[in-house]
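Student: based on what follows, work out the 3D shape:
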Amino acid sequence: MANGGIIGPTNITSFGKNTVTSKTSSGDITTQGGTRLAKVLVVAGGAGGAGGYYSGGGGAGGYRCSELSVTGSTAYTATVGGGGAAGSGNGASGSVGVNSSFSTITSAGGGFGKGYVDTPSGVDGGPGGSGGGAGSNGGTGGTGNNPPVSPPQGNNGGNSNGSGGGGGGGSSAVGGNSPTLTGGAGTANSITGSSVTYAVGGNGGGGCTGGGCAGTTNRGNGGSASGTAGGNGGAGGSGIVVVKELNKASGVWSMQEQLDQLSDGTWPKFLLSYNLDYLVVAGGGGSGSAACGYASGGGGAGGYRASGYGPSPLRGSALPFSNLEGGESYVVTVGAGGAAGSAGTPVCRGNKGSDSIFNVCGAAPVKITSTGGGHPGPSGTGGSGGGGGSGWPPDRFNTEPGGAGNTPPVSPSQGNAGGSGGHASGGSASGGGGGATATGSNGSTGGGAGGNGGAGAPNTILGPDSSYAGGGGGANNNSNNPSGGAGGGGRGGSGAQSPQSGTANTGGGAGGSYDGSPPSAGQAGGSGVVIIRGPSDITFAVAPGTNSTSTHPGGDKLATFTVSGTLTVS
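Tutor: Now for the predicted structure:
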């Protein structure tokens with residue numbers, strides 16, 4: 001560019017005045033002349049909930065947020081998807097939500113909530129941005145993030161058993177398995193200037209008093225199921241498209257160019273540059289019900305990713321942000337722990353934990369995703385893998401390897417593999433779930449102790465030394481007592497102790513269950529956590545108020561997220 005002979009880096013520069021346009025129905029958005037970058041939120045329509053008793057909630061519409069390169073003074077079509085219709089009467093499933101799109105981003109409509117039928121065939125929830133909840137009688141929740149995108153646009157719907165339908169999946173968490181009827185959590189975003197939560201899954205049958213409740217309009221929420229004989233479900237909420245035209249002036253500019261932009265009112269008023277350290281831990285994996293086999297492996301810990309603090313081999317680089325106008329907001333997702341498996345459902349093994357993400361709307365290298373911990377068994381891959389079972393169907397005398405860790409692979413590694421199960425005439429012993437710094441131990445092949453959970457990682461980002469992402473202990477049907485890994489891993493079950501769930505906001509894996517009398521129930525994984533640390537000369541604000549800010553004794557600013565929300569830096 002012409003800059004009076006000044007030589008400097010050429011970077012994308014945008015003079016969008018941070019203008020925000022929200023489209024609640026389809027139409028064009030015309031960018032301003034100086035706009036080159038835009039932050040875009042695209043939420044699809046939520047699905048309808050099913051009618052009648054024991055029915056599934058509608059899945060939330062797909063939730064996607066990203067930063068795009070755009071052309072100034074150009075009309076872009078924003079398509080806003082409608083919500084799916086409610087199921088009307090007994091056994092009637094809801095309808096799928098409609099896709100929303102802007103430029104290269106398309107979010108998929110939510111998957112339908114399934115109505116109750118008298119046979120197991122055909123009671124699965126529908127696939128979509130987030131999956132619909134299953135109808136009662138052993139159905140499986142619909143698949144979320146369908147079609148698959150990265151990061152995921154949603155989660156699976158909840159599974160069912162004889163006591164009710166599953167909740168619809170949400171953008172931040174899977175739908176609840178019955179008898180828990182709650183829909184999956186949504187994601188808060190402050191792109192409009194206020195914190196708004198989008199893409200919440202609809203509740204399963206009976207989860208909305210007085211019949212089905214409709215999903216909120218222009219939030220992409222799933223409709224709740226009826227829960228009453230002959231009742232109607234709730235319609236899904238319509239989607240939304242929001243575009244924020246960004247102000248960024250990086251590179252080298254001559255005085256004349258700066259004066260020109262100032263006269264046009266497009267030169268950023270105040271630019272910030274800063275580095276942020278992070279701790280991002282995903283939800284731990286849930287363990288299976290021992291009613292399905294002799295001993296369930298421990299759940300894998302949620303993926304652990306950190307900079308600046310904790311063990312040096314696991315430290316990534318701080319995240320650099322430069323030349324930003326004050327008040328920049330970052331969307332944070334805190335992954336839920338994987339739900340426990342239960343007898344009589346297709347997921348006796350338990351469920352994988354959900355991912356945690358810092359800067360959902362950003363892109364690498366300033367976006368960090370940690371993967372949820374794996375459920376027990378060889379297919380239980382994740383941030384850390386789940387432990388292998390012992391005496392698990394289809395052969396109650398078989399043993400299994402544990403699931404792989406650091407899946408998908410990142411560097412430094414986000415976790416380790418689960419241990420293998422063992423079995424002998426002396427009894428069953430399952431493997432421990434993997435942790436952030438160690439693999440889960442193998443179950444004894446002599447029928448002795450279940451494997452201990454893999455150790456988590458200590459981290460001092462908050463000041464005190466706390467540990468995160470410990471694997472869940474395996475299980476055995478004798479008096480040995482498997483332990484969970486340091487960092488919130490639940491202890492494994494045995495003839496002398498009951499299993500424990502993973503500790504909340506540590507990403508700990510759940511302890512394995514054992515075949516006692518009666519068989520012990522599966523346990524839930526611990527939810528994840530996101531902690532951000534920045535220099536003393538900036539200010540942090542968080543939403544919602546469940547999250548918190550503080551100041552380190554040395555002056556650094558701290559933000560702790562125990563639920564999904566938004567961080568604003570100024």
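
Student: got the domain ranges for this structure?
Tutor: According to automatic domain parsing, the chain comprises the domains 13-264, 281-524.

Student: deepest of those, which one?
Tutor: domain 281-524 (a mean of 28; mean count of other Cβ atoms under 10 Å). C-betas here are computed from N, CA, C, even on glycine.

Student: and that one, how far apart are its ends?
Tutor: 16 Å (Cα to Cα, to the nearest Å).

Student: mean confidence score for that domain?
Tutor: Across domain 281-524, pLDDT averages out at 85.

Student: please compute how far that domain lies from its chain's middle.
Tutor: 15 Å (Cα atoms, centre = their mean, to the nearest Å).

Student: and the domains of the chain as JSON lines, adding distance to Ile531?
Tutor: Below are the domains of the chain laid out as JSON lines (distance: least, Cβ to Cβ, whole Å):
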{"stretch": "domain 13-264", "distance to Ile531": "17"}
{"stretch": "domain 281-524", "distance to Ile531": "5"}
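
Student: so which of those comes closest to Thr549?
Tutor: Set against Thr549 and scored by Cβ to Cβ, these come closest in domain 281-524, at 11.8 Å.

Student: quick check, Gly493 in contact with Ser513.
Tutor: Yes. Here Gly493 reaches Ser513: they are 5.0 Å apart, a contact under Cβ atoms under 8 Å.

Student: okay, and the common contacts of the two?
Tutor: Here Gly493 and Ser513 have Ala290, Ala295, Ala475, Pro499, Ser520 as joint contacts, going by Cβ atoms under 8 Å, 6 or more residues apart in numbering.

Student: in contact with the last one, which residues?
Tutor: It refers to Ser520. Ala290, Ala475, Gly493, Ser498, Pro499, Ser513, Tyr514 are the contacts of Ser520 under Cβ under 8 Å, 6+ apart.

Student: next up, the contacts around the nearest residue to it once chain neighbours are set aside.
Tutor: Distances taken as Cβ to Cβ, 6 or more residues apart in numbering place Ser513 nearest to Ser520, at 4.1 Å, with adjacent residues excluded. The contact partners of Ser513, by Cβ under 8 Å, 6+ apart, come to 287-290, 295-296, 475, 493, 499, 519-523.

Student: one more time with 7 Å
Tutor: 287-290, 296, 475, 493, 499, 519-523 (Cβ atoms under 7 Å, 6 or more residues apart in numbering).

Student: would you map the helices across the stretch 201-350 of the chain?
Tutor: With helices called from DSSP state H, counting those that start in this stretch, the stretch 201-350 of the chain shows them at 255-264.

Student: which residues of it fall in strands?
Tutor: 240-248, 271-281, 304-307, 315-316, 319-325, 328-333 (DSSP state E, counting those that start in this stretch).

Student: could you redo these as CSV and give each row distance to Asn137?
Tutor: Below are the strands of the stretch 201-350 of the chain laid out as CSV (distance: least, Cβ to Cβ, whole Å):
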stretch, distance to Asn137
strand 240-248, 35
strand 271-281, 36
strand 304-307, 39
strand 315-316, 46
strand 319-325, 48
strand 328-333, 33
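
Student: quick one: which of those strands is nearest Ala44?
Tutor: strand 240-248 (9.2 Å).

Student: report the separation between the nearest residue to Thr562 once chain neighbours are set aside and Val530.
Tutor: Nearest residue to Thr562 in three dimensions, chain neighbours excluded: Asn505, at 5.0 Å (Cβ to Cβ, 6+ apart). Going from Asn505 to Val530 by Cβ to Cβ, to the nearest Å gives 10 Å.

Student: repeat that for Ser273.
Tutor: The spacing between Ser273 and Val530, counted by Cβ to Cβ, is 22 Å.

Student: quick revisit: surely the residue nearest to Thr562 is in contact with Phe561?
Tutor: No. Checked against Cβ atoms under 7 Å, the pair Asn505 and Phe561 is beyond contact range at 9.1 Å.

Student: tell me, what's touching those two both at once?
Tutor: Val529.

Student: point out where the stretch 101-250 of the chain drops to low pLDDT.
Tutor: Applying pLDDT under 70 to the stretch 101-250 of the chain flags residues 118-122, 162-163, 206-212, 248-250.

Student: mind redoing it with 80?
Tutor: 116-122, 136-138, 161-164, 178-180, 205-212, 227, 229, 247-250 (pLDDT under 80).

Student: name the residues linked to Arg315 by a beta bridge.
Tutor: Counting by DSSP bridges, Arg315 is bridged to Ala306.

Student: so what touches stretch 438-451?
Tutor: Residues contacting stretch 438-451 (Cβ under 7 Å, 6+ apart): 295, 298, 387, 390, 402, 416-434, 452-455, 471, 473-476, 480, 482, 485, 492, 512.

Student: can you flag which of those residues belong to helices?
Tutor: Within these, no residue falls in helices by DSSP state H.

Student: out of the domains of the chain, which gets nearest to Gly565?
Tutor: Within those, the stretch nearest Gly565 is domain 13-264; the backing value is 4.6 Å (Cβ to Cβ).

Student: would you mind measuring from Ala486 to Asn459?
Tutor: 12 Å.

Student: could you say what helices and strands the strand or helix carrying Thr197 packs with?
Tutor: Element membership for Thr197, per DSSP states H and E: strand 196-198. Counting contacts by 3 or more Cβ pairs under 7 Å, 6 or more residues apart in numbering; DSSP states H and E, strand 196-198 packs against strand 187-189.

Student: show me what the strand it packs on is packed against.
Tutor: Applying 3+ Cβ pairs under 7 Å, 6+ apart, one finds that strand 187-189 makes contact with strand 196-198, strand 328-333, strand 565-569.

Student: what angle separates the second one from strand 319-325?
Tutor: What that stands for is strand 328-333. Angle between the axes of strand 328-333 and strand 319-325 is 140 degrees (criterion: axes from the mean of the first three to the mean of the last three Cα atoms, to 10 degrees).

Student: and the pLDDT for His552?
Tutor: 94.
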